[in-house]
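*Asks:* Fold the following and give me the result.
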Amino acid sequence: MTIFDEVRAACRAVSEGAELVRIDAARLAVFARDFPLEEIGQAGLDPATHYLGRGKDTLAFILVLDSINFGSGYFPHLKKRPNMSGYFSIAAGLNDWFSAAGAPDARRLVALNAADCARIFGQDAGNTEGMALMALFARALNDLGALLLARFGGDYAELVESAGHSAARLVAILRLMSSFDDVAIWHDCAVPLLKRAQITAADLALAFDRQGWGRFDDLADLTIFADNLVPHVLRVDGVLRYAPVLAAKIDSGTPLQAGSAEEVEIRAVALHAVERLKALLQEAGRRQVTAVDLDYLLWNRGQSARYKSTLRHRAKSVFY
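*Replies:* Presented below is the predicted three-dimensional model:
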């Protein structure tokens with residue numbers, strides 16, 4: 001089994017035994033029948049907020065960005081840029097830093113602290129929640145710098161090249177850093193989700209048009225990037241059903257504990273639901289699609305007012 005097979009098998013097991021989250025099979029069938037496949041193929045990175053077209057510095061940008069591509073549980077407290085979500089505010093801040101100073105070398109990453117991150121991402125030192133996230137960002141960037149120095153001569157490109165065009169090998173390398181090692185424990189069973197390690201391969205593929213540093217021969221094997229937005233979209237669209245006690249907690253804005261059974265079930269069942277959606281689409285002969293195709297479409301759907309008008313689950317996690 002590849003690591004991606006392990007992710008799928010574990011999430012299927014969670015879905016089959018989940019007590020708080022379930023897939024509405026009847027609704028899923030209708031959802032698949034009406035799914036707008038014509039919207040697939042429009043995925044891309046926004047050049048206004050992502051440091052694109054700069055060769056090795058773009059590669060560095062993607063690795064740095066995905067090292068801190070988490071914190072959605074803190075985003076309600078984050079100082080955001082006008083008309084930008086938490087993710088795009090962070091990406092824009094990082095883009096500005098790279099534009100002003102170029103890609104930071106590994107030793108610079110190792111030396112960063114929370115105050116440095118607050119300056120880079122425009123956060124107020126007096127914002128307790130925002131500074132807690134900045135401290136986590138600093139630790140993640142320190143870890144990236146340390147890994148680059150210890151194993152890759154401080155070279156971002158060598159890290160990616162050592163994966164040999166294999167997303168699975170890139171995931172294994174990134175998991176050497178604890179904040180990428182996204183494996184939950186559910187009823188004593190290990191449930192790998194590996195959201196950020198997988199999305200790093202996908203982002204590199206987008207940044208380099210699947211060539212060179214963006215070529216991964218097993219890219220189609222990736223699962224969705226299990227976070228808190230895709231499950232929310234599936235819930236709003238009626239595919240996922242939450243137990244009343246869990247629904248009430250989320251609807252009241254009560255944060256979930258990262259790694260709790262309810263949080264793991266939301267992420268894992270959402271991942272399995274998209275696997276079932278993919279299978280239904282392919283069985284109907286509508287189109288050969290990947291989980292990543294479906295993730296991009298669902299995540300972008302979640303940017304619209306219909307989905308933003310209701311609360312999604314939040315958890316203070318370094319995994320998403």
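
*Asks:* how much space between Val269 and Phe35?
*Replies:* 18 Å (CB to CB, to the nearest Å). No exception for glycine: its C-beta is placed from N, CA and C like everyone else's.

*Asks:* The two: which has the busier surroundings?
*Replies:* Higher neighbour count among Val269 and Phe35: Val269, with 27 against 20, using other CB atoms under 10 Å.

*Asks:* Next up, the contacts around the more buried one.
*Replies:* Shown in contact with Val269 (CB atoms under 8 Å, 6 or more residues apart in numbering): Cys11, Val14, Ser15, Ala18, Val21, Arg22, Ile23, Pro231, Leu240.

*Asks:* repeat for Ala184
*Replies:* Residues near Ala184 by CB under 8 Å, 6+ apart: Ala190, Val191, Pro192, Leu193, Gly259, Glu263, Val264, Arg267, Ala268.

*Asks:* switch the cut-off to 10 Å
*Replies:* 10, 14, 190-193, 226, 258-261, 263-265, 267-268, 317, 319 (CB atoms under 10 Å, 6 or more residues apart in numbering).

*Asks:* Please apply the same query to Gln257.
*Replies:* Counted by CB under 10 Å, 6+ apart, Gln257 has contacts Glu263, Ala315, Lys316, Ser317.

*Asks:* can you pick the most crowded of those residues?
*Replies:* Counting by other CB under 10 Å, top hit in these: Glu263 with 26 neighbours.

*Asks:* Which positions within the helix or strand where it lies qualify as buried?
*Replies:* Glu263 belongs to helix 261-283 when elements are defined using DSSP states H and E. Across helix 261-283, burial judged by 16 or more other CB atoms under 10 Å covers 261-278, 280-281.

*Asks:* Check the burial of Asn113 by counting its neighbours.
*Replies:* Asn113, neighbours per other CB under 10 Å, totals 14.

*Asks:* where does it land on pLDDT?
*Replies:* For Asn113, the pLDDT comes out at 98.

*Asks:* host element of Asp116?
*Replies:* Assigned by DSSP H and E, Asp116 falls in helix 114-120.

*Asks:* Which strands or helices does that helix pack on?
*Replies:* Contacts defined by 3 or more CB pairs under 10 Å, 6 or more residues apart in numbering; DSSP states H and E place helix 114-120 against helix 86-101, helix 128-151.

*Asks:* can you list the residues that contact it?
*Replies:* Contacts of helix 114-120 (CB under 10 Å, 6+ apart): 68, 79, 90, 93-94, 96-98, 100-101, 104, 108, 112, 123-125, 127, 130-141.

*Asks:* If we use 6 Å, what do you get?
*Replies:* Applying CB atoms under 6 Å, 6 or more residues apart in numbering, the external contacts of helix 114-120 come out as Gly93, Trp97, Ala125, Met131, Met134, Ala135, Phe137, Ala138.

*Asks:* Tell me where the stretch 201-320 of the chain has strands.
*Replies:* For the stretch 201-320 of the chain, the strands defined by DSSP state E, counting those that start in this stretch occupy 240-242.

*Asks:* Show me the helices in it, by range?
*Replies:* In the stretch 201-320 of the chain, helices defined by DSSP state H, counting those that start in this stretch lie at 229-236, 244-251, 261-283, 291-301, 305-308, listed in chain order.

*Asks:* how about low-confidence regions in this protein?
*Replies:* Counting by pLDDT under 70, the chain contains low-confidence residues at 42.

*Asks:* let's see 80
*Replies:* Counting by pLDDT under 80, the ranges of the chain that qualify are 41-42, 286-287.

*Asks:* tell me, how many neighbours does Ile40 end up with?
*Replies:* Ile40 has 17 nearby residues by other CB under 10 Å.

*Asks:* Which residue, other than its chain neighbours, is closest to it?
*Replies:* If the residues on either side of it in the chain are set aside, Ile40 comes closest to Asp293, at 4.8 Å by CB to CB, 6 or more residues apart in numbering.

*Asks:* With Gln123 instead?
*Replies:* Gly130 (4.3 Å).

*Asks:* Equivalent analysis for Arg267, please.
*Replies:* Using CB to CB, 6+ apart, the nearest residue to Arg267 is Ala226, at 4.0 Å.

*Asks:* before we move on, what about Asp66?
*Replies:* Per CB to CB, 6+ apart, closest to Asp66 is Thr200, 4.2 Å.
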